[in-house]
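Undergrad: Sequence first, then the predicted structure, then my questions.
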Amino acid sequence: IINFLTRYGKFAVLILLLISLYRIADVVMGVMANIFYLEKGYKISEIATFSKFFGVFATIFGGFIGGYCSYRFGTMKALFSGALIAALSNLLFAWLAVSPISIDFLIAVITADNISSGFAGAAFVIYLSGLTSVKFTATQYALFSSIMLFLPKLIAGYAGSWVDVMGYAYFFSLTAFLGIPVLLLIMWIGKVAPVKS
């Protein structure tokens, strides 16, 4: 911890804030996805096939794209793109919530969501890996990954109550807007706090 604070100084708080918020749109939306599919009227077999089977391949594909973009265009640009498409994919769920039941719609939304999740996940892992010191890689990465899910999981615990109040379409739209502070943070940190090895 001292090593990380020494390397990044006053910018360490900004970086930790980004780590704690980066997956918030994805995680808060994700806890309600399967419940939404069922309440919308899709069959369990359909959900399992497209979400749990084909979705895995879409996530892996998105991960490859995220890794390539990080290498080709730089970590911060890939990180920004990942956060953007992850938030935008939540709007697809809002669209699905007000659309008629259609397997094609379901496949399109699940595929887009998994590709965006894989992309964002790969870019984020690369960013976290770049933040760690070679002397304390395991410890620092473990701390970062713990911080990454604490706040999103805490907020996600209230997702069901939000849906009861506002309905699925507005809930998914709200989770997309949760990604806006993340985009602003990435732009700010990219300018003032470059990754230091």
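TA: On my side now, so go ahead.

Undergrad: so who does the closest residue in space to residue 83 that isn't next to it in sequence touch?
TA: Among residues not flanking residue 83 along the chain, residue 182 sits closest, at 4.8 Å (Cβ to Cβ, 6 or more residues apart in numbering). Where you see a C-beta, it was placed from the backbone N, CA and C, and this is true even at glycine. Listed by Cβ atoms under 8 Å, 6 or more residues apart in numbering, the contact partners of residue 182 are 18, 21, 22, 24, 25, 83, 87.

Undergrad: Of those, which belong to helices?
TA: Residues of the contacts of residue 182 located in helices (DSSP state H): 18, 21, 24, 25, 83, 87.

Undergrad: Next, give me the two most distant ones among these.
TA: Spanning the widest gap among the ones in helices among the contacts of residue 182 are 18 and 87, at 14.4 Å by Cβ to Cβ.

Undergrad: Go ahead and name everything in contact with stretch 101-115.
TA: 33, 37, 40-42, 46, 50-51, 54-56, 58-59, 61-62, 65, 89, 92-93, 95-96, 99.

Undergrad: Show the buried residues in those residues.
TA: 33, 37, 40, 42, 46, 50-51, 55, 58-59, 62, 65, 89, 92-93, 96 (16 or more other Cβ atoms under 10 Å).

Undergrad: and the least confident of those?
TA: When the buried ones among the contacts of stretch 101-115 are compared by pLDDT, residue 51 scores lowest at 81.

Undergrad: Identify the spatial nearest neighbour of that residue, chain neighbours not counted.
TA: Nearest residue to residue 51 in three dimensions, chain neighbours excluded: residue 110, at 5.3 Å (Cβ to Cβ, 6+ apart).

Undergrad: cool, residue 25 as well?
TA: residue 179 (4.0 Å).

Undergrad: How many neighbouring residues does the one you found have?
TA: Neighbour count of residue 179, defined by other Cβ atoms under 10 Å: 25.

Undergrad: That one touches residue 24, doesn't it?
TA: Yes. Judged on Cβ atoms under 8 Å, residue 179 makes contact with residue 24 at a distance of 7.3 Å.

Undergrad: Apart from its neighbours in sequence, what residue is nearest the residue nearest the centre of the chain?
TA: Closest to where the C-alpha atoms of the chain average out (Cα atoms, centre = their mean) is residue 23, at 3.5 Å. Once flanking residues are discounted, residue 23 sits nearest to residue 152: 5.4 Å by Cβ to Cβ, 6+ apart.

Undergrad: Look up which helix or strand the one you found falls in, please.
TA: Following DSSP states H and E, one finds residue 152 within helix 137-156.

Undergrad: quick one, the helix or strand just after that helix and helix 137-156 angle?
TA: Sequence order places helix 159-177 as the next helix or strand after helix 137-156, per DSSP H and E. Using axes from the mean of the first three to the mean of the last three Cα atoms, to 10 degrees, the inter-axis angle of helix 159-177 relative to helix 137-156 is 110 degrees.
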